[in-house]
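Undergrad: would you be able to build a 3D model of this:
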Amino acid sequence: MAAAEHPGTPCALPGTPLAQAGAGLDLCVHCGFCLQACPTYLALDNENDSPRGRLVLMRGLLAGDLDAADDAVAAHFDRCLGCRGCETACPSGVPYGTLLEATRTTLAASRPRPFAARLILGTFRHPLLLRVALAVARVVRGTGLPALLARLPRQVSFPFAMLASTRRAWPTAPYTPDADATGPTVALLTGCVMEGLYTETNRATERVLAHNGYRVVPVGGQRCCGALHAHAGDVESARALARANIAAFEASGADYVVTNASGCGSLLKEYEHLFAGDETWQPRARQVASRARDVSELLAARGPRRGGVVNAVVTWDAPCHLQHAQRITAAPLAVLGAIPGLRVVPLVDSDHCCGSAGIYNLVEPDTSNRVLDAKLARIEATGADVVVSSNPGCLMQLGAGLRTGQHRAQAIHLVDLLDAAYAAEGSPHAP
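TA: Just a heads-up that it's a prediction; the model follows:
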C-alpha cells in the first residue's frame, strides 16, 4: 500500500512515484545499521546525507513538511551515490534503491536537472549523438593527449585520466576458444561505454564465454540499457531504451542475456519493475529479465575452465550494483580462482562505493573525490599490482584515481584477466 493510501494520512504529493513507492518507508525502524554502510555519510558526516536521513526527508516531502522544489532538500538526494550498500546492511529490507529513484523522479517534475546531467543523459538516449561522442573520445584517446593531461592536478585532469584509463592495459595474444557446439546460447548486452571505449573487453567476453562452452549469438538493435536515466529519475527515457532492448533480446532467442557491466546488469534484471502496471511491456520485461546473467555467473556455472599462469598480486573491488543490487559475491572470486599464479589480497571495505555511480563523478565531483580517496587508500594498503572490477564506471573511476594519485596499481576488468590467462595457456585444456 502506498503512503498516500494510508487511512487518515494526507499526502502532499498524491499520484507521484514517491507516493506510489511510499509503503517502503514504513519498513525503516531507524536502527542506524545503514550509516556505516553509506559512503556519503562517512565522507560528509551529515545524517541528512545518510540513508536513514534521506528516508526522513522522503517522509517530509510526502507529509508536505518539505517543499519538492527546495534545492536544499534536493541536494541531499543528489549527493546519494545510489550504491545500495544500505540495502545489504538493512535488517528490515527497506527498498532504498526503489525509493531513491522514485524520489528523484518526483523531484524532477518540479526542478530541472543540472545542465551537465541533461547533456549526458540526452547524449546517451540518442544513438547518433552517442556514436559520435564515443568516436571522438576514441580519437582523442588515441592521440595520447589524455594520458599526458592526466599528470596535471586532479581538479582539472580527472576527466582526461578517466578516458586514458580505458585504453586496454593487457594486450592478449590471439587464441582459439575451445567451443562447444551444443552449449547454451548467450546474447551479449554490448552496452554503450563498453562497446564504445572497452571494445576489446567485449570481444574478450565473447571469447571466454565460448571457451567455457557457451555459444554467443549476435544481437542487433541494442541501445543503452537505460540505467543512467533510471538512476537520475528520467524514467521515461529509461523505458524507451528498455523497450528497444527487450525487443532485440526477444528476437535473439538466446537462452541467456549476459552483461559484463554490473550497473547495466542490475537494471536489466529489474526491467520488470521499470514497467510496473504496464500490461503490455511488463510480461515481456519479466521474461527478458529472467534470462539476464552477469558474465561471472555464467562462467562460475561452467567451472570456469582454468587458464595459464598470470603472475600478479590482485585485489577485487566489488562493483556496488553487482554486490548490493544483484547480490553476487562468490562468482567473481571463482573466476579469479581459475587463474594460476594470481595472489588475491582481500580489499578492506571492498563493499563500499568507489564514487563513480554512473555520472555522479561528473556532476558531484567533490563528494565523489572524497569517497574515491578512501578507496584508494585501502587499495594502496593491499600492495596489489592490479585492481580487478567489472563495471566500466568503476574501472574509469579507479583507473583515473590511480593515475592522478601516482599509485602503482592499474584497474583491469575481470574478463580481461581471465582472457589473458587463456591466451597464456595457448592450447585447449581440460577443466
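
Undergrad: burial measure for Cys80, as a count.
TA: Counted with other CB atoms under 10 Å, residues neighbouring Cys80 total 27. (Glycine included, C-beta is placed from N, CA and C.)

Undergrad: where does it fall, helix, sheet strand or coil?
TA: In three-state terms, and counting by DSSP: H, G, I helix; E, B strand; the rest coil, Cys80 is coil.

Undergrad: find me the pLDDT at it, would you?
TA: In the predicted model, Cys80 carries a pLDDT score of 95.

Undergrad: what separation is there between it and Glu101?
TA: As defined by CB to CB, to the nearest Å, Cys80 lies at a distance of 10 Å from Glu101.

Undergrad: same check on Ala247?
TA: 23 Å.

Undergrad: pick out whichever of the two has more residues nearby.
TA: Taking neighbours as other CB under 10 Å, Ala247 and Glu101 compare with Glu101 leading, 25 against 16.

Undergrad: find the nearest non-adjacent residue to Lys269, please.
TA: In this structure, Lys269 finds its nearest non-sequential neighbour in Ala292, 4.8 Å apart by CB to CB, 6 or more residues apart in numbering.

Undergrad: for burial, what's the neighbour tally of the one you found?
TA: Around Ala292 there are 23 residues (other CB under 10 Å).

Undergrad: which phi and psi does it have?
TA: Per-residue torsions, Ala292: phi -80, psi 140 (degrees, to the nearest 10).

Undergrad: what pLDDT is listed against it?
TA: We have a pLDDT of 97 for Ala292.

Undergrad: quick one: it and Glu270 touch, right?
TA: No. Using CB atoms under 8 Å, Ala292 is not in contact with Glu270, being 9.3 Å away.

Undergrad: was I right about Phe158 contacting Thr404?
TA: Yes. If you go by CB under 8 Å, Phe158 and Thr404 touch, sitting 6.3 Å apart.

Undergrad: quick one, strands of the stretch 301-431 of the chain?
TA: Taking DSSP state E, counting those that start in this stretch, the strands of the stretch 301-431 of the chain run over residues 312-316, 342-344, 386-389, 410-413.

Undergrad: could you dump those strands to TSV with distance to Glu297, mean pLDDT and mean neighbour count?
TA: Shown next, in TSV, are these (distance: least, CB to CB, whole Å; pLDDT from 0 to 100; neighbours: other CB atoms under 10 Å):
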stretch	distance to Glu297	mean pLDDT	mean neighbour count
strand 312-316	15	97	20
strand 342-344	19	96	17
strand 386-389	16	97	25
strand 410-413	16	96	24
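
Undergrad: ok, now which ones touch the nearest residue to Glu380 once chain neighbours are set aside?
TA: Once flanking residues are discounted, Glu380 sits nearest to His407: 6.0 Å by CB to CB, 6+ apart. Residues in contact with His407, defined by CB atoms under 8 Å, 6 or more residues apart in numbering, are 376, 379-380, 401.

Undergrad: what's the answer for Glu87, then?
TA: By CB under 8 Å, 6+ apart, the contact set of Glu87 is 94-97, 324-325.

Undergrad: one more time with 6 Å
TA: Residues in contact with Glu87, defined by CB atoms under 6 Å, 6 or more residues apart in numbering, are 96, 324.

Undergrad: distance of it from His324?
TA: Distance from Glu87 to His324, by CB to CB: 6 Å.

Undergrad: how about the nearest residue to Leu398, chain neighbours excluded?
TA: Ala411 (4.2 Å).

Undergrad: quick one: the one you found and Gly401 touch, right?
TA: No. The criterion here is CB atoms under 6 Å, and Ala411 misses it with Gly401 at 8.6 Å.
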